[in-house]
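>>> Whatever this is, show me its structure:
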Amino acid sequence: MVNENITKAVKNAIDSAPERKFTESVDLIVNLKNLDLSQPKNKITESIVLPNGRGKAIKIGVFARGDLAIKSQSAGADLLISPEEIEKISGDKKLIRATTRGVDFFVAEAPLMPSIGKSFGPILGPKGKMPDPVPSNADPAAIINRLKRTVKIRTKDKPTFHALVGNVSMSVEDIATNIESLLNTVESKLENGTQNIASVYVKTTMGPAVRLI
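Okay, here's the model as predicted:
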């Protein structure tokens, strides 16, 4: 059963938000404490699969060839980049930026990773968007379905991060379950668990923040 405090906070955040003419996202704001973020071991870079989905569409790019490329396209990949295209735009940072703009997650056929790292690494690396390598015989449908329910969190050098946890058209319980799952993962990555969390707020896109912790 979902924590009652989380459920109440989500309900309050949604109820207190003025009605909009679009479907607002629901976001979590997490403030950390007592962590030296200059130390790599204390930084969090984590991809978390939300049990009830993001409530917002995302774009997925796939670096692949042959059968994996065909299956990825059928599975709903938004961008396909072949080895020939990798070679063609290698060195053209402006074109690489234009090609990858708006894509949230990338996966790549494992043998292509060295050339991807050389060509796309300088652009995708700093954004935390380097592809996850997959075998040539991988099932892209399962991978893409998982990524469509995934959010990525990165603390970088600041003790605060934001994470999408749903939208206002979802049930309060589903959003609360997403939040609980995300917080459990974050706590497991912190040196002192909940003791490293200063506060947590939940809010809609344009609504007021409601404190959860």
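>>> For the residue lying closest to Arg149 once chain neighbours are set aside, which three-state class applies?
What sits nearest to Arg149 in space, not counting adjacent residues and going by CB to CB, 6 or more residues apart in numbering, is Gly53, at 4.7 Å. For the C-beta atoms, the positions are set from N, CA and C on the backbone; glycine is no exception. In three-state terms, and counting by DSSP: H, G, I helix; E, B strand; the rest coil, Gly53 is coil.
>>> now Gly53: how far from Ser136?
The gap separating Gly53 from Ser136 is 28 Å, by CB to CB, to the nearest Å.
>>> More neighbours: those two, which one.
Using other CB atoms under 10 Å, the more surrounded residue of Gly53 and Ser136 is Gly53, with 16 against 13.
>>> mind checking pLDDT for the more buried one?
For Gly53, the model assigns a pLDDT of 97.
>>> my guess is it contacts Arg146, does it?
No: under the criterion of CB atoms under 8 Å, Gly53 makes no contact with Arg146, lying 10.7 Å away.
>>> any idea how far the residue of the chain positioned farthest from its centre is from Gly207?
Going by CA atoms, centre = their mean, the residue of the chain most distant from its centre is Lys88, 28.8 Å out. Lys88 is 46 Å from Gly207, where distance means CB to CB.
>>> Same check on Ile123?
Computed as CB to CB, the Ile123 to Gly207 distance reads 34 Å.
>>> higher neighbour count, the two?
Just comparing Ile123 and Gly207: by other CB under 10 Å the higher neighbour count belongs to Gly207, 20 against 17.
>>> Quick check: pLDDT value at the closest residue to Lys203 other than its chain neighbours.
In space, and not counting its chain neighbours, Lys203 is closest to Ala209: 4.2 Å by CB to CB, 6+ apart. As predicted, Ala209 sits at a pLDDT of 97.
>>> which residues touch Ala209?
Shown in contact with Ala209 (CB atoms under 8 Å, 6 or more residues apart in numbering): Ala13, Ile29, Tyr201, Val202, Lys203.
>>> The longest helix along the chain - contacts with which helices or strands?
When the chain is parsed with DSSP state H, its longest helix is helix 172-189. With contacts taken as 3 or more CB pairs under 8 Å, 6 or more residues apart in numbering; DSSP states H and E, helix 172-189 sits against helix 4-16, strand 25-32, strand 45-49, strand 150-154, strand 160-167, strand 197-204.
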